[in-house]
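Peer 1: I need the structure of the sequence given here:
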Amino acid sequence: MSRTIEYRPALDGLRAWAVIAVVLFHAGATSGLPGVAPGGFLGVSVFFTLSGYLVTTLLVRRSSSPAGLDLADFWSRRLKRLAPVSIVVVGTVVLLSSALWPGMQWQEAAAALFGWSNWNVIAGGEDNLLRTIVGPLGPFWSLAVEEQFYVVLSTAVVISWRTARPIRTLSILVALGWVSSLLVQLLVSGPAYRLEFGTDSRGSELLAGCGLALLLHVRPTLPVRHARRLRVAGPIAAILLVGLAMTTDYDPPWLLHGGYAAISLVNAVLIASLLVAGPLTRFLATRPTVMIGRLSYSWYVVHWPTILCLTPARTGLDGWPLLVLKVLASLIIAVGLHVAVEQPLRSIRVAPRTTFIAWITATLAVLALALVLL
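Peer 2: Predicted structure coming up:
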């Protein structure tokens, strides 16, 4: 069995539209145009489910191969994929903090570097909410959720492969996790930000992708056998998500209390539909869309501090001209990061130990910078 995942251009296209939704949401909200994509934050939900699907597929295939799962190699690849851009952005934000974000604290940089930004926001409480989540490193909360999830998922895979029926064990754990996340959404009381940023409350979106990966591992011909249904269900799911992105107010009660779990299933259907040929798959696999999808991580990480820098006072613009400037400026910077940082470092072939040492060294250097400047 292959240890790698067959490349699907349409999935990169899906990433593109997810990040565009998020960028338009933030750019519109800060340009006096909150109605442009009021529910664009749902692009993060799509990222979650897609990430759950891809990472689970990778872990299961490697675990099922004769060589087995090499956790050191898995984490080395994750670090090379995610850490360089994040470290560069956090370091740059720290260096510019005195001029642009004088209220920033070193804990925010530490949380972004070590993957606990979401819990740092929750622990900060309502009094510090504007500083932590609206600060330049605010969007790192979703990266933290994913990083924490990778730890839990890889642990679950290792445990499952010590049992007699590993796929069955892992499937049970994933199903229990999804139900538990739904129960957290339905039963946990408290401020809205607790449910919005909690790893447990948002885990259903990642776990839906895990469930899809496990289903297709057991029944790999399922998409082909149900291709006609998926060609219909996929566009319906896409239209529903686009409609929500265009009309949903920020985190309404229904979304926080079970809505995210429901949307996770819509995301899973959409992803499954892109595994078969069809009009939607071809649309999302167009070259420009795929190119944006490939740099979506860099764009997501850098777009918010860029948007915060481009204020009406600094640019002399407002409304649509300011929104266009924010979108284009953040995209141009993202292209630079993708070409100069993300891609070169991701493709370097070094031993996992070297990767870990380089990550620790760079992370501690930026943390020391934050301790001195913030």
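Peer 1: find the nearest non-adjacent residue to residue 41, please.
Peer 2: Spatial nearest neighbour of residue 41, chain neighbours left out: residue 25 (5.3 Å); criterion: C-beta to C-beta, 6 or more residues apart in numbering. Placement of C-beta: from N, CA and C, glycine included.
Peer 1: burial count for residue 214?
Peer 2: 20 (other C-beta atoms under 10 Å).
Peer 1: that one is in what secondary structure piece?
Peer 2: Assigned by DSSP states H and E, residue 214 falls within helix 199-218.
Peer 1: tell me what that helix is packed against?
Peer 2: Secondary-structure packing of helix 199-218 (3 or more C-beta pairs under 8 Å, 6 or more residues apart in numbering; DSSP states H and E): helix 43-64, helix 140-160, helix 166-187, helix 192-197, helix 222-225, helix 260-273.
Peer 1: follow-up on the earlier one: what's near enough to touch the residue nearest to residue 41?
Peer 2: Residue 25 sits next to 36-41, 43, 245 when contact means C-beta atoms under 8 Å, 6 or more residues apart in numbering.
Peer 1: picking up where we left off before, tell me the angle the helix holding residue 214 makes with helix 166-187.
Peer 2: Between helix 199-218 and helix 166-187, the angle comes out at 150 degrees (axes from the mean of the first three to the mean of the last three C-alpha atoms, to 10 degrees).
Peer 1: rewinding a little: including distance to residue 340 and pLDDT, could the contacts of residue 25 go into CSV?
Peer 2: CSV is the format used below for the contacts of residue 25 (distance: C-beta to C-beta, whole Å; pLDDT from 0 to 100):
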residue, distance to residue 340, pLDDT
36, 30, 95
37, 29, 96
38, 34, 96
39, 33, 96
40, 27, 97
41, 29, 96
43, 25, 98
245, 31, 96
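Peer 1: show me which of those residues are buried.
Peer 2: 37-41, 43, 245 (16 or more other C-beta atoms under 10 Å).
Peer 1: how about residue 98, nearest residue that isn't a chain neighbour?
Peer 2: Per C-beta to C-beta, 6+ apart, closest to residue 98 is residue 373, 6.6 Å.
Peer 1: distance of the one you found from residue 189?
Peer 2: In this view, residue 373 and residue 189 are 39 Å apart by C-beta to C-beta, to the nearest Å.
Peer 1: re earlier: tabulate the buried ones among the contacts of residue 25 (a markdown table), appending distance to residue 159 and secondary structure.
Peer 2: Shown next, in a markdown table, are the buried ones among the contacts of residue 25 (distance: C-beta to C-beta, whole Å; DSSP: H, G, I helix; E, B strand; the rest coil):
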| residue | distance to residue 159 | secondary structure |
| --- | --- | --- |
| 37 | 40 | coil |
| 38 | 41 | coil |
| 39 | 37 | coil |
| 40 | 37 | helix |
| 41 | 33 | helix |
| 43 | 32 | helix |
| 245 | 37 | helix |
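Peer 1: among those residues, which two are most distant?
Peer 2: Pairwise distances across the buried ones among the contacts of residue 25 (C-beta to C-beta) peak at 12.4 Å, for the pair 38 and 43.
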